[in-house]
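Q: Sequence first, predicted model second:
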Amino acid sequence: MRPARSRPILATGAACLLALTLAGCSTGPSDADRAAWTAWSTAIVGTTPNTAASAPITASAARGVTLEFSPATAFRAVELRCIGAARAEFALTYVAGSSTVGTQQDIVCQNGALRTPIAIPTAMQNLTSFTVSATSSDGEGVWTAQLQR
């Protein structure tokens with residue numbers, strides 16, 4: 001049987017161990033995580049290089065990536081994906097001739113899993129350019145956007 005005073009020492013030791021473990025978990029993604037995210041997005045963009053874009057997720061508004069099409073090209077949808085963050089808010093700008101439409105789309109990242117494509121507004125389907133960016137309160141991760149015909 002242990003003396004009564006060793007129990008508080010064990011409890012304190014366990015609390016310290018738990019605090020150290022939690023502190024280690026909250027340090028954020030590793031360089032290996034970031035490299036894996038980049039490889040993931042590069043592979044996606046590589047499958048359709050002229051109709052897909054990718055960039056890091058930012059904590060605040062970013063300039064975005066623009067794809068340009070000459071002549072105008074018909075697209076019906078865009079598939080948005082992200083990895084490394086819990087959620088991402090996408091800013092999408094469609095340009096068809098002299099018309100421009102901007103929208104926002106909030107998605108759950110689901111670790112980069114395939115998502116249901118989002119329809120491009122019918123009047124904007126003959127795109128001359130498409131600009132996209134993504135932000136997240138996490139301020140980490142990578143996004144991709146793939147236009148679909």
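A: On my side now, so go ahead.

Q: and the nearest residue to residue 45 once chain neighbours are set aside, what is it in contact with?
A: Leaving aside its sequence neighbours, residue 45 sits nearest to residue 52 (Cβ to Cβ, 6 or more residues apart in numbering; 4.5 Å). To be clear about C-beta, it is placed using only N, CA and C from the backbone, and glycine gets the same treatment. Residue 52 makes contact with 44, 45, 144, 145, 146, 147, according to Cβ atoms under 8 Å, 6 or more residues apart in numbering.

Q: Quickly find the element holding the third one.
A: Just to be clear, that refers to residue 144. In this structure, residue 144 is located in strand 142-148 according to DSSP states H and E.

Q: how about the CA coordinates for that strand, as PDB?
A: C-alpha atoms of strand 142-148 as PDB (Å, rounded to 0.1, in the frame of the first residue of the first chain):
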ATOM      1  CA  VAL A 142      -4.100  24.300 -49.500                       C
ATOM      2  CA  TRP A 143      -7.000  24.600 -51.800                       C
ATOM      3  CA  THR A 144      -7.800  23.500 -55.400                       C
ATOM      4  CA  ALA A 145     -10.400  24.500 -57.900                       C
ATOM      5  CA  GLN A 146     -11.100  22.400 -61.000                       C
ATOM      6  CA  LEU A 147     -13.400  23.700 -63.700                       C
ATOM      7  CA  GLN A 148     -15.500  21.000 -65.400                       C
END
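
Q: Could you list the low-pLDDT ranges of the protein?
A: Per-residue confidence of the chain (counting by pLDDT under 70) places the weak regions at 1-26.

Q: For it, which segments count as strands?
A: 52-56, 65-74, 77-83, 87-96, 99-108, 118-119, 126-135, 142-148 (DSSP state E).
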